[in-house]
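Visitor: Below are the sequence and a predicted model; questions follow.
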Amino acid sequence: MHDWQAITGSHIQYFLVCPRKCWLSLHCLYREADSDMVALGRLTHERTFARQQMREVDVDGFIRLDFTSEGVVHEIKHGQAMEHAHRMQLAYYLYQLRLRGVETHGILHFPNQRRKERVDLTPELEAELQQVIQQVEQLHQQPLPPVVQKPMRICRSCAYEQFCWSDNEEEPL
């Protein structure tokens, strides 16, 4: 592991959505508690698969799986707009379990779309994940957050929107 802190699945997801958001989170500048989108995701999580026995499974204090069932890791997501980032977050969990001697696969659930997707940690996916982990580690070493040239569409639903764009008069794309 790392001296500074453990990379979490959220860091992997944040990096793929917005490296600036990832940097802020890596440096313990949390805004998620005030986010309506995070609250909506939490509500989706709480109301979906409520009868599962193994909910919010903690692994070594830095990985929190939504739930496991019959040895399979399940992640519940509100929407599929960031599907690649969600897939990589789940791949990170599968990778961390593999490092601990647990070989399994995962399922991404999109209950609002009544859809699910199986995720296997293939050699190709693991290689892509390794690159992202390396980039997150490099990002953490930067003394300042990366510059984002202009607001993105995703900024509208981000907990950091006011932090990033309070002095900017541009509207997100």
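Guide: Structure received.
Visitor: For the lengthiest helix in the chain, give me every contacting residue.
Guide: If you go by DSSP state H, the chain has its longest helix at helix 123-141. With C-beta atoms under 8 Å, 6 or more residues apart in numbering as the test, helix 123-141 has contacts from 2, 4, 7, 11-12, 15-16, 19, 22-23, 26-27, 88, 91-92, 95, 119, 121, 146. Heads up, the C-betas are built off the backbone N, CA and C, glycines and all.
Visitor: Identify each buried residue in the helix or strand just after that helix, please.
Guide: Later in the chain than helix 123-141, the nearest helix or strand by DSSP states H and E is helix 161-165. Residues E161, C164, W165 are the ones in helix 161-165 that count as buried (16 or more other C-beta atoms under 10 Å).
Visitor: cool, stretch 154-171 as well?
Guide: So for stretch 154-171, counting by 16+ other C-beta under 10 Å, buried means I154, C155, C158, A159, Y160, E161, C164, W165.
Visitor: What of stretch 66-84?
Guide: D66, F67, T68, V73, H74, E75, I76, K77, H78, M82.
Visitor: a strand runs through the third one, doesn't it?
Guide: Looking back up the chat, that one is T68. Yes. Per DSSP: H, G, I helix; E, B strand; the rest coil, T68 lies within a strand segment.
Visitor: Beta-bridge partners for it, please?
Guide: Legend: beta-bridge partners of T68 under DSSP bridges are M54, V73.
Visitor: Pull the distance from stretch 122-131 to the chain's centre.
Guide: 16 Å (C-alpha atoms, centre = their mean, to the nearest Å).
Visitor: Now it - C-alpha only, PDB.
Guide: Provided in PDB are the C-alpha atoms of stretch 122-131 (Å, rounded to 0.1, in the frame of the first residue of the first chain):
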ATOM      1  CA  THR A 122      -9.600  -9.800 -17.500                       C
ATOM      2  CA  PRO A 123      -5.900  -9.200 -18.200                       C
ATOM      3  CA  GLU A 124      -6.900  -6.300 -20.500                       C
ATOM      4  CA  LEU A 125      -9.000  -4.600 -17.800                       C
ATOM      5  CA  GLU A 126      -6.400  -5.200 -15.200                       C
ATOM      6  CA  ALA A 127      -3.700  -3.500 -17.400                       C
ATOM      7  CA  GLU A 128      -6.000  -0.500 -17.900                       C
ATOM      8  CA  LEU A 129      -6.700  -0.400 -14.200                       C
ATOM      9  CA  GLN A 130      -2.900  -0.500 -13.400                       C
ATOM     10  CA  GLN A 131      -2.500   2.600 -15.600                       C
END
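Visitor: what about it, average pLDDT?
Guide: What stretch 122-131 shows for mean pLDDT is 98.
Visitor: cool, stretch 135-153 as well?
Guide: Averaging pLDDT along stretch 135-153 gives 91.
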